[in-house]
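In: got a predicted model here, sequence first, then my questions.
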Amino acid sequence: MLILGLSSLFKNDTAAALVRDGAVDSALENYKLQPNVTRGIPEAAIQYCLWKGGVTWSDIDVVAIAGDPFRGWGRRAFSRRCLSLVAPVATSYQQGKELRRFASEWTDIRILRQRLEDTHKVISLDHHSCHAASAFFLSPFDKALILTLDGEGDGKAGLLAVGEGSQIRVQDTMSYSNSIGWVYSRVTDLLGFIPSKEEHKTQWLGLEGEPLQKDVFLRILRRPGEVFPKLDLRYFRRDLTGGFVPSDFLFDELGVPEEKSALTVEQKRNLASSVQAAITELISDLLASFQKKTGLQQICLGGGIFHNTLLVASLERKFGVGNIFVPPAPGNAGCSLGAAAWIWHQQMGKPRNPGIRSVYWGPTFARAEIKDVLDNVKARYTLHHTSERMLDTAAQLLLAGKIVGWFHGAAEFGPRALGNRSILASPWAPYVSENLNDYVKHRESFRPFAVSAREEDCARYFEDSPLCRFMNSLAVVRADADVLPRALQLPGGLVRLHIVEKGTNRLLWELLGRFGEHEAAPILVNTSFNLPGEPPVVRPRDAVRTFFCSGTDAVFVDNFLLTKWSSAYILNGRSV
């Protein structure tokens with residue numbers, strides 16, 4: 001049976017996943033192929049999935065969409081956030097906005113039904129149920145409690161559920177009027193970042209601050225003596241369109257100026273730290289209460305809020321490493337997998353597969369295709385005829401302190417660089433963080449880089465978590481094996497760790513081993529292969545353009561090596 005899962009069509013990061021008899025055949029976010037198309041039908045991602053599966057629209061049995069436009073419109077349009085008797089103009093604006101959203105989503109569904117020539121094959125599902133399905137059905141747990149949280153989805157901000165076997169039972173839901181994610185996004189906007197896009201910057205900026213206003217945010221997010229989120233709307237006011245924005249009362253309570261430009265660096269750091277500490281405490285208390293009620297110890301987490309690895313790491317410390325699962329793509333893109341899994345397991349009652357181990361479901365390219373691209377752009381390259389020679393050359397460049405692009409196999413699904421579309425560097429290279437930030441990534445200095453290490457070596461250097469396979473949590477550097485430079489460590493010895501398994505990424509696993517033979521440890525800096533503001537590269541042409549437009553010294557595209565003058569001299573006189 002073929003199920004095409006699609007994420008919510010109106011939210012950002014639309015994606016498609018093709019599931020064949022319960023196993024993922026392919027999955028990809030649309031923006032990785034069409035950077036400017038993040039909403040609507042994910043045409044490019046769908047076409048890739050159909051091509052990869054060797055099928056056409058007529059072969060698809062079900063199209064499962066992680067969104068229910070009608071119910072979502074009803075919940076939002078008649079909520080307190082949209083209705084105001086004293087502001088009829090603003091209310092009319094909000095109602096019109098909701099109708100336009102509903103019309104857009106419904107039009108997309110009609111288009112999909114026309115392609116399938118069967119209206120019964122297109123099924124709209126509750127958005128947060130798909131988050132829950134992605135979190136539980138991809139997990140290794142047979143029974144677990146489930147919590148989903150995001151900004152908004154179908155008029156909800158989250159749900160609590162219990163998963164057992166092939167079934168999920170929803171226990172409670174949260175209205176989007178009480179959205180934790182919405183408050184976090186408002187703080188992100190206040191700090192000068194882009195809301196609903198750059199919340200990760202708020203997360204990392206908070207590490208440099210103190211949670212001085214944590215209690216203010218807790219008062220905003222819940223009532224005294226309660227654990228369930230309940231926003232205090234005294235801290236917000238309606239603007240001319242009827243939308244909610246921070247009020248004078250909120251700024252007075254926080255003790256900060258209303259103008260973004262007037263905030264000092266220290267105030268921004270403390271605000272970020274405070275909202276991070278507040279949501280961590282609130283979610284911890286919510287889970288502890290739910291655990292007491294259900295008696296379940298294992299927890300599955302879904303929704304965009306759980307992109308926040310600092311939050312997940314804190315929850316692991318409280319509830320136990322190994323008791324928490326976060327899917328590889330907990331946000332909207334992952335709902336494409338959740339929608340398909342809901343149909344296969346929840347509605348059809350099919351048994352589950354073992355927990356997910358690999359997410360290399362994106363496009364892969366034959367060597368002849370890559371050569372055609374390199375010849376077409378008139379790039380000078382060297383072809384390594386064996387993987388052994390290619391790995392030796394890569395290790396030589398990394399040991400010399402060079403920054404190396406690494407493009408191999410199928411692209412990863414999800415937001416993390418997991419070794420197939422990565423930029424690699426030696427942790428011990430002089431000014432490695434500065435060089436990556438200034439000449440390659442062009443990003444803020446407070447954002448940390450990740451490191452990759454082989455699974456069997458991790459226990460020697462880190463106290464890690466199974467979630468580090470997908471970089472959804474943090475590890476702690478072991479005090480008795482502290483070889484990692486301080487510039488790559490977070491406060492408290494935390495580190496963004498990517499665990500590399502031999503069975504899922506043998507090439508990077510072998511490169512780590514070769515590099516470790518000559519350095520202090522078999523560890524490499526690993527960051528996504530992309531230019532600022534762009535998605536990670538997927539195609540060879542993307543890799544070549546990114547290489548020449550950045551400060552990367554060399555790039556391996558399969559076994560083809562492209563170098564700049566900064567690294568070519570290292571290989572002179574060596575036959576490759």
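Out: Perfect, thanks for sending it.

In: if I look at residue 466, how far off is residue 322?
Out: Taking CB to CB, to the nearest Å as the measure, residue 466 falls 6 Å from residue 322. Glycine gets a C-beta too; all of them are placed from N, C-alpha and C.

In: between the two, which is the more surrounded one?
Out: More crowded of residue 466 and residue 322, by other CB atoms under 10 Å: residue 466, with 16 against 13.

In: quick one: contacts for that one?
Out: 321, 322, 499 (CB atoms under 8 Å, 6 or more residues apart in numbering).

In: now do the SS call for the last one.
Out: Judged by DSSP: H, G, I helix; E, B strand; the rest coil, the three-state class of residue 499 is strand.

In: who's in contact with it?
Out: Residue 499 touches 452, 453, 454, 455, 458, 464, 466, 468, 469, counting by CB under 8 Å, 6+ apart.

In: what residues of stretch 377-394 count as buried?
Out: 379, 381, 384, 389, 390, 391, 392, 393, 394 (16 or more other CB atoms under 10 Å).

In: just stretch 440-453 next, same as before
Out: Within stretch 440-453, the residues scored as buried using 16+ other CB under 10 Å are 440, 441, 447, 448, 449, 450, 451, 452, 453.

In: the first one contacts residue 402, correct?
Out: Okay, so that is residue 440. No. Between residue 440 and residue 402 there is no contact under CB atoms under 8 Å: 11.6 Å.

In: which ones among the buried residues of stretch 377-394 map onto helices?
Out: Under the assignment DSSP state H, the buried residues of stretch 377-394 contribute 389, 390, 391, 392, 393, 394 to helices.

In: please save the CA atoms from stretch 414-431 in PDB.
Out: Provided in PDB are the C-alpha atoms of stretch 414-431 (Å, rounded to 0.1, in the frame of the first residue of the first chain):
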ATOM      1  CA  GLY A 414      14.900  17.000   8.900                       C
ATOM      2  CA  PRO A 415      16.600  20.200  10.000                       C
ATOM      3  CA  ARG A 416      20.000  18.700  11.100                       C
ATOM      4  CA  ALA A 417      23.200  18.000   9.100                       C
ATOM      5  CA  LEU A 418      23.700  14.300   9.800                       C
ATOM      6  CA  GLY A 419      26.800  13.700   7.700                       C
ATOM      7  CA  ASN A 420      25.600  13.500   4.100                       C
ATOM      8  CA  ARG A 421      25.300  17.200   3.500                       C
ATOM      9  CA  SER A 422      27.800  18.700   6.000                       C
ATOM     10  CA  ILE A 423      30.700  21.000   6.300                       C
ATOM     11  CA  LEU A 424      33.500  19.400   8.400                       C
ATOM     12  CA  ALA A 425      36.500  20.800  10.200                       C
ATOM     13  CA  SER A 426      39.000  19.800  12.800                       C
ATOM     14  CA  PRO A 427      38.000  20.900  16.400                       C
ATOM     15  CA  TRP A 428      41.700  21.700  17.000                       C
ATOM     16  CA  ALA A 429      42.300  23.800  13.900                       C
ATOM     17  CA  PRO A 430      43.300  27.400  14.800                       C
ATOM     18  CA  TYR A 431      40.300  29.700  15.000                       C
END
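
In: which ones are touching residue 105?
Out: Taking CB under 8 Å, 6+ apart as the contact definition, residue 105 lies against 9, 10, 67, 69, 72.

In: burial count for the fourth one?
Out: Residue 69: 22 surrounding residues under other CB under 10 Å.

In: with the third one instead?
Out: The burial count assigned to residue 67 is 25, neighbours taken as other CB under 10 Å.

In: list the buried residues of stretch 538-548.
Out: Buried residues in stretch 538-548, counted by 16+ other CB under 10 Å: 538, 539, 540, 542, 543, 544, 546, 547.

In: redo the residues you listed as JSON lines? Include secondary structure and pLDDT.
Out: Listed next are the buried residues of stretch 538-548 as JSON lines, based on DSSP: H, G, I helix; E, B strand; the rest coil; pLDDT from 0 to 100:
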{"residue": "538", "secondary structure": "coil", "pLDDT": "97"}
{"residue": "539", "secondary structure": "coil", "pLDDT": "96"}
{"residue": "540", "secondary structure": "helix", "pLDDT": "97"}
{"residue": "542", "secondary structure": "helix", "pLDDT": "95"}
{"residue": "543", "secondary structure": "helix", "pLDDT": "96"}
{"residue": "544", "secondary structure": "helix", "pLDDT": "96"}
{"residue": "546", "secondary structure": "helix", "pLDDT": "96"}
{"residue": "547", "secondary structure": "helix", "pLDDT": "96"}
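
In: in strands, which of the contacts of residue 499 fall?
Out: Among those, the members falling in strands (DSSP state E) are 452, 453, 454.

In: can you show me the strands along the stretch 51-200 of the chain?
Out: 62-65, 122-124, 143-153, 156-164, 167-175 (DSSP state E, counting those that start in this stretch).

In: let's have the ones you listed in JSON lines, adding distance to residue 76, mean neighbour count and mean pLDDT.
Out: Listed next are those as JSON lines, based on distance: least, CB to CB, whole Å; neighbours: other CB atoms under 10 Å; pLDDT from 0 to 100:
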{"stretch": "strand 62-65", "distance to residue 76": "17", "mean neighbour count": "25", "mean pLDDT": "96"}
{"stretch": "strand 122-124", "distance to residue 76": "16", "mean neighbour count": "20", "mean pLDDT": "95"}
{"stretch": "strand 143-153", "distance to residue 76": "8", "mean neighbour count": "26", "mean pLDDT": "95"}
{"stretch": "strand 156-164", "distance to residue 76": "10", "mean neighbour count": "24", "mean pLDDT": "96"}
{"stretch": "strand 167-175", "distance to residue 76": "10", "mean neighbour count": "16", "mean pLDDT": "95"}
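
In: out of the buried residues of stretch 440-453, flag the one nearest to residue 511.
Out: Each of the buried residues of stretch 440-453 was checked against residue 511 using CB to CB; the closest is residue 452, at 9.2 Å.

In: alright, that wraps it up for me.
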